[in-house]
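Asks: Fold the following and give me the result.
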Amino acid sequence: MKKTILITAPIGRCVKNFLYTEMFSILKKKHKICLLSPLAELSNFVNEFNDDDVSIYYQPKLEKPWQYFLWSNFYEPIRCYQSLFRLANQFSQYKLDYYKAKNPRYFNITKMLTVGSSLIGGIHGLNKIMGISTFKNEYYKNIFKIIKPKLLISTAWTTLEDQITIYYAKKMKVPILMFPDSWDNFTLNGEIVFRPDKIAVWSDLMSTHAKDFHGFKDDDLVVTGIPLYDEYLFHTPTVLKNSFKERLNIHHDNKIITYTCNSGDVMPGEQKIIDAILSLIESGMFGKAVLVLRLNPSWNREKYKNIYQNNFLVRIDESPPSYSGTYCTKWNSGKEDNLNYVNIIQNSDVILTIVSMVVLEAALFDRPIVNIAFDPEMNNPSLSFLNAYNCVRYKPVINTGGVRLASNVEELGFLIKKYLDDPTLDNEGRKKIIKEYCGPIDGNSANRIVSLCEEMVG
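Replies: Next up, the predicted model:
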């Protein structure tokens, strides 16, 4: 008899990371799968994934304003304080500076609560109280009673909805496997209060971060690699560069410079950066070149299309809104986007981005990478994305020598030209990025995670 595994998919990218990989295909052959996702209310999503061995349940957003109030103003900062005090997580200080700049009134209350509780050793208890107060929800409790899962796989534990699900799994004594949804889960977020039984970490470096910044032990962690990257490398067909250029109406002599757009709250001055890149191209310093804009799934899409779609030096690529890091307003199957995205990365001559997983994917296909390290609208330094370059979240990437940082427009132009002249430059550094962040790239990541699931369901 097949055993039941409950899998969460609270945000669109979890589908890309998990449901579109061989790992999910293998699991649903071996077990009965229950998907818990806010996308369950969308017929296109249900039609795509529902079958005899897959049932889909709705994962609701919390409707009560006081729960979000607790989460954003107290619970999250307290987690960062705990991580800073107990585990010396450097990035927690940057996040605390962010919370202070964003809402100083509530931040000061949080600070007094946290410092007071830390003096009597009660910070973890305070954190749990805040979490339980936030997470109480009869709907989630009933889901576990109805499904009776033998295993919970959390695919985005940093979201409020997955934290609630993990909380009830622990109450119901259901084993929990945590699957990171991003390369910086353990360096970007505060203390993990409700802990899983196992974590499928991508690499030895991610394992080190989980131990150093969250207190996990070797027995809690299994290095598996990244199933999505196995899909990219071994199961996604690619097209030749000239064919790719024809599809985008790019002359075969032109170089392709790709810029991956970011969210407006991270980089409010992004349009100035795009305009600066276009000015460099127009100057002729790169010879013949075009700019491919890979639009962010949820920010400035229509704005950038209106501004740049008629510019003969720009090609616009729209990633599906389905992959937004927030909740989706519609569902479009992203299988074709995997193919499109891989071909963009592989056929670009230079990739421009900030602190992003795009760096890993560019390294995967040995594409030169320039990080934008200047902020045209840095009104408040505490809120600037530039902080990330100076902490443990990103320093290991810089230390590989696989990326270059452009601190101004002139340096950006210099680095782009340098890479266009010699694409092999920093090749060894890009190999280090793959080794340190991606773990084993051998086509067997899915099998390793499935084997771990088999052990946990018993």
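Asks: Spell out, range by range, the strands that occur in the stretch 1-150 of the chain.
Replies: Here the stretch 1-150 of the chain has its strands, by DSSP state E, counting those that start in this stretch, at 4-8, 32-37, 54-58.
Asks: who wins for proximity to Asp212 among those strands?
Replies: Closest to Asp212 of the strands of the stretch 1-150 of the chain is strand 4-8 (C-beta to C-beta; 26.1 Å). Quick note: C-beta positions are derived from backbone N, CA and C, even for glycine.
Asks: returning to what we had before: to Glu455, which of the strands of the stretch 1-150 of the chain lies closest?
Replies: Nearest to Glu455 among the strands of the stretch 1-150 of the chain is strand 4-8; the distance by C-beta to C-beta comes to 12.8 Å.
Asks: CA atoms of the closest one as PDB?
Replies: Presented in PDB, the C-alpha positions along strand 4-8 are these (Å, rounded to 0.1, in the frame of the first residue of the first chain):
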ATOM      1  CA  THR A   4       1.100   9.400   1.900                       C
ATOM      2  CA  ILE A   5       3.600  12.300   1.500                       C
ATOM      3  CA  LEU A   6       2.500  15.900   2.000                       C
ATOM      4  CA  ILE A   7       4.400  18.400  -0.100                       C
ATOM      5  CA  THR A   8       4.100  22.100   0.200                       C
END
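Asks: Which positions in that strand come out as buried?
Replies: For strand 4-8, the neighbour count (16 or more other C-beta atoms under 10 Å) marks Thr4, Ile5, Leu6, Ile7, Thr8 as buried.
Asks: go on, stretch 142-157?
Replies: Neighbour counts over stretch 142-157 (16+ other C-beta under 10 Å) mark Ile143, Phe144, Ile147, Pro149, Lys150, Leu151, Leu152, Ile153, Ser154, Thr155, Ala156, Trp157 as buried.
Asks: again with stretch 243-258
Replies: Phe244, Lys245, Leu248, Ile250, Asn254, Lys255, Ile256, Ile257, Thr258.
Asks: Contacts for it, please.
Replies: The contact list for stretch 243-258, computed with C-beta atoms under 8 Å, 6 or more residues apart in numbering, reads 239, 242, 277, 281, 286-294, 315, 343-345, 347-352, 416, 420.
Asks: quick one: average confidence on that stretch?
Replies: The average pLDDT within stretch 243-258 is 92.
Asks: re the thing from before, farthest-apart pair in the buried residues of stretch 243-258, please.
Replies: Phe244 and Ile257 (14.2 Å).
Asks: related to what we said a few turns ago, a markdown table please, covering the buried residues of stretch 142-157 and showing distance to Leu412 and pLDDT.
Replies: Output for those, formatted as a markdown table (distance: C-beta to C-beta, whole Å; pLDDT from 0 to 100):
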| residue | distance to Leu412 | pLDDT |
| --- | --- | --- |
| Ile143 | 49 | 93 |
| Phe144 | 51 | 95 |
| Ile147 | 51 | 94 |
| Pro149 | 50 | 97 |
| Lys150 | 52 | 97 |
| Leu151 | 47 | 98 |
| Leu152 | 45 | 98 |
| Ile153 | 41 | 97 |
| Ser154 | 39 | 95 |
| Thr155 | 36 | 92 |
| Ala156 | 33 | 88 |
| Trp157 | 36 | 85 |
